[in-house]
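**Student:** Pasting a predicted model and its sequence here:
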Amino acid sequence: MSAINSIDLVELTNNIKAWGVALGFQQVGISDIDLHQHEAYLQSWLDEGYHGDMAFMVSHGMKRARPDELVPGTLRVISVRMNYLPPDASFAKHLKSSDIGYISRYALGRDYHKVLRKRLKQLGEKITSALAHTQYRPFVDSAPVLEHAIAEKAGIGWTGKHSLTLNKEAGSWFFLGELFINLPLPTDNPIEEGCGSCTACMTICPTNAIVAPYTVDARKCISYLTIESDSDIPEDLRPLMGNRIYGCDDCQLICPWNRYADISQETDFHPRDVLHGQSLNTLFSWSEETFLANTEGSPIRRIGFQKWQRNIAVALGNAAYNEESVRLLNARYGAVSDMVDRHIEWALARQMEKQLAQNKDVENRQQQRLIRAVEKGLPRDA
């Protein structure tokens, strides 16, 4: 304790923030560990079953809102954010092209868990070099941590109605990370909430997963369905997913605050060509070995080949009729798992419906041309 008393904690805090920026974080804030005001909401959210099949959300109980139970001795949490918006994001271009596989922009580059965890560890080491015997532990979306509540308390931003952290200068295109620490550092103040009466994120959600302001029903969320869920995707939600095969960015795309977001300077987060803007047919034709090779070091790899195939099968069912897509779906049937087969069957049925509609449309156009020709007294084959 004497070592802590002998150091200027205000100066150390200023140094920590400067070190964080030097390590590539765009903002560093500090909060205390009192999150009790979030416990009732967290319990209500769990009681409603909004966590879906994510059993880990229940198993940790209220530890998520009690940092010192997760890491005994914790006195403060250092919260950081790092921009990830890639150059040439091509949001509208890819979402409007039903034959392209849309991947949430955070996942197009290197796995953010690895990038942020390494930088947070380096920040912890710098603090320890300034004050020996400091104890710290980094977290990046990998443990029962209320990261958005902590970021809010640390002045990083406020929690938007889509449940993500928003910042007036940076929107929401950033990752969050935390460093639990045993030092009584001075804390930052929360910033004013800036959503006001805007409900754009709620309105734009393809599956209406934002069931109330600040409340997301994961069971309807495309990010949950394509990443976290190990089950069949509900048939009533499949047509609403469009070409989104890994995650969803719609609630962020529509947010007015994201007009101020900066492009990430971290080349690790820049898109990999093998993932960015690729056709669904190309992505679906990958073997498991190709999938593992092309997603090495990517957050996509953790969903595994089976869910990758499941997700793309749904997108192919939503795409315009394509003979090559039908061939690929038939060729992959029976090759991966029963779950994938069920989604392939659905996709093939949808493709056949579209083929019939396409043939009917061609037939109708031919009939219209014939009628016009007769009306004009032209030969019927004109």
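**Tutor:** Sure thing, it's come through.

**Student:** What are the boundaries of the strands in this structure?
**Tutor:** For the chain, the strands defined by DSSP state E occupy 27-31, 76-83, 102-103, 136-139, 158-159, 165-166, 174-181, 210-212, 215-216, 244-246.

**Student:** Any chance of JSON lines for those, columns mean neighbour count, distance to residue 266 and mean pLDDT?
**Tutor:** Glycine gets a C-beta too; all of them are placed from N, C-alpha and C. Converted to JSON lines, these look like this (neighbours: other C-beta atoms under 10 Å; distance: least, C-beta to C-beta, whole Å; pLDDT from 0 to 100):
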{"stretch": "strand 27-31", "mean neighbour count": "23", "distance to residue 266": "14", "mean pLDDT": "98"}
{"stretch": "strand 76-83", "mean neighbour count": "26", "distance to residue 266": "7", "mean pLDDT": "98"}
{"stretch": "strand 102-103", "mean neighbour count": "26", "distance to residue 266": "17", "mean pLDDT": "98"}
{"stretch": "strand 136-139", "mean neighbour count": "21", "distance to residue 266": "17", "mean pLDDT": "98"}
{"stretch": "strand 158-159", "mean neighbour count": "18", "distance to residue 266": "24", "mean pLDDT": "98"}
{"stretch": "strand 165-166", "mean neighbour count": "26", "distance to residue 266": "18", "mean pLDDT": "98"}
{"stretch": "strand 174-181", "mean neighbour count": "25", "distance to residue 266": "10", "mean pLDDT": "98"}
{"stretch": "strand 210-212", "mean neighbour count": "15", "distance to residue 266": "29", "mean pLDDT": "98"}
{"stretch": "strand 215-216", "mean neighbour count": "20", "distance to residue 266": "27", "mean pLDDT": "98"}
{"stretch": "strand 244-246", "mean neighbour count": "26", "distance to residue 266": "20", "mean pLDDT": "98"}
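
**Student:** could you list every residue that touches the nearest residue to residue 343 once chain neighbours are set aside?
**Tutor:** Leaving aside its chain neighbours, residue 343 sits nearest to residue 313 (4.0 Å; criterion: C-beta to C-beta, 6 or more residues apart in numbering). If you count contacts by C-beta atoms under 8 Å, 6 or more residues apart in numbering, residue 313 has them with 284, 329, 340, 343, 344, 346, 347.

**Student:** can we see that at 6 Å?
**Tutor:** With C-beta atoms under 6 Å, 6 or more residues apart in numbering as the criterion, the residues that contact residue 313 are 343, 344, 347.

**Student:** Could you list the low-pLDDT ranges of the protein?
**Tutor:** 1-6, 361-364, 366-367, 370-375, 377-382 (pLDDT under 70).

**Student:** Against residue 222, how distant is the residue nearest the centre of the chain?
**Tutor:** Centroid-nearest residue in the chain: residue 247, 5.0 Å away (criterion: C-alpha atoms, centre = their mean). Counting by C-beta to C-beta, to the nearest Å, the separation of residue 247 from residue 222 is 7 Å.

**Student:** what sits against residue 341?
**Tutor:** Residues residue 333 are the ones in contact with residue 341 under the rule C-beta under 6 Å, 6+ apart.

**Student:** how about a cut-off of 7 Å?
**Tutor:** 333, 334 (C-beta atoms under 7 Å, 6 or more residues apart in numbering).

**Student:** hmm, back to that, nearest spatial neighbour of the residue nearest to the centre of the chain, chain-adjacent residues omitted?
**Tutor:** Nearest one to residue 247, counting by C-beta to C-beta, 6+ apart, is residue 104 at 2.7 Å.

**Student:** Tell me the backbone dihedrals of the one you found, please.
**Tutor:** When read as degrees, to the nearest 10, the backbone of residue 104 gives phi -50, psi 140.

**Student:** Please shift the residue numbers so they start at 75 in all later answers.
**Tutor:** Sounds good: first residue 75 from here, last item residue 178.
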